[in-house]
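[1] Sequence first, predicted coordinates after that:
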Amino acid sequence: MIEDEPLRKRMWVHPIVSQRASKGLFVGLYSDLRADPQKFFNYCRMLVSTFDRLLGKLRPSLTFQDTNMWRSVSSEVCLIITLRMGTSTIADVVWVTCATIWLTLKASVLPHLTRQQWLDIAQGFLERAQFPNCIGSLDGKHIWVKKPPNPGYEYYNYKQFFPVVLLALADTKYRFIIVDIGFYGSTADARIFRASTMGRWLQSNQLDVPQPANLPGFTGPTAPYLVEEPRYLPFLAT
């Protein structure tokens, strides 16, 4: 009778992994990058000061509890991984960090504008583009994504790849005012706009957009405030 081969004792944590906090790639790389601002910017696509401000806002929601068996991933590692957009082995970290970024920053980065803020944006378009009563430049961007399972024709766009559409309204300083993300790539911008929350809010006047006003130097009938495509505003189209 042949006896079964005894099971080999397995280590719960490999010694290499247990030394991650003192000898891991992140420990040396992170400190070296911070010492070289240009390298840090090339790696993370943001200044060290910007990274620190962002990390300060996210840290409370990205600080996890250590256990007796595992040390949690630090908030610095979570943010670095997400900015570099890692592979599937770190997918959970990327998802959690992206959700935290959105939930933490959406109120300050994309706030609901007041009527005076809309007027300030319109003044910017008048000064930079001589375009009166314009409260934003609207356009869509096709974001290339991994082909979904069993995709229909609605996912496939005219550029012959599978995207989701980012529809954004921007001011003259290239800052997003409102965004709508997730429509199928085959959908035209005008149709997306009509169906989007942004479009419905604008058309039903839920965004506190100013009432029609006289154009500069013209005392005739008032003109409504509007949004425009960047192709008609050369300084935004470049």
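    Cool, the structure landed. Numbers count the residues shown, from 1 in each chain.
[2] And the lengthiest strand in the chain, what does it pack against?
    For the chain, the longest strand by residue count, based on DSSP state E, is strand 134-144. Where contact means 3 or more Cβ pairs under 8 Å, 6 or more residues apart in numbering; DSSP states H and E, strand 134-144 is packed against helix 115-129, strand 163-170, helix 189-195, strand 226-228. The way it works is simple: take the backbone N, C-alpha and C, and place the C-beta from them, glycine included.
[3] if you go through this protein in chain order, where are the helices?
    With DSSP state H, the ranges of helices along the chain come out as 15-18, 20-23, 25-35, 37-44, 48-58, 75-84, 91-109, 115-129, 189-195, 197-203, 234-237.
[4] Compare those and report which one is nearest to Val179.
    Nearest to Val179, of all those, is helix 197-203, at 7.7 Å by Cβ to Cβ.
[5] picking that back up, deepest in the core, which of the helices of the chain is it.
    Highest mean neighbour count among the helices of the chain (mean count of other Cβ atoms under 10 Å): helix 75-84, with a mean of 19.
[6] now that one and helix 48-58, what's the angle there?
    When axes from the mean of the first three to the mean of the last three Cα atoms, to 10 degrees is applied, the directions of helix 75-84 and helix 48-58 differ by 120 degrees.
[7] now the angle between helix 37-44 and helix 75-84, please.
    70 degrees.
[8] Adding mean pLDDT and distance to Val179, write the helices and strands packed on strand 134-144 out as a markdown table.
    Output for the helices and strands packed on strand 134-144, formatted as a markdown table (pLDDT from 0 to 100; distance: least, Cβ to Cβ, whole Å):
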| stretch | mean pLDDT | distance to Val179 |
| --- | --- | --- |
| helix 115-129 | 94 | 15 |
| strand 163-170 | 84 | 5 |
| helix 189-195 | 78 | 12 |
| strand 226-228 | 88 | 13 |
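[9] Identify whichever of the ones you listed lies nearest to Thr100.
    Across the helices and strands packed on strand 134-144, closest to Thr100 is strand 163-170 (Cβ to Cβ), at 20.0 Å.
[10] Now do that closest one: everything it contacts.
    136-145, 155, 157, 176-185, 187, 189, 192-193, 196, 198, 227, 230, 236 (Cβ atoms under 8 Å, 6 or more residues apart in numbering).
[11] Now do it and helix 115-129, the angle between them.
    Using the same axes, to 10 degrees, one finds that strand 163-170 and helix 115-129 are set 90 degrees apart in direction.
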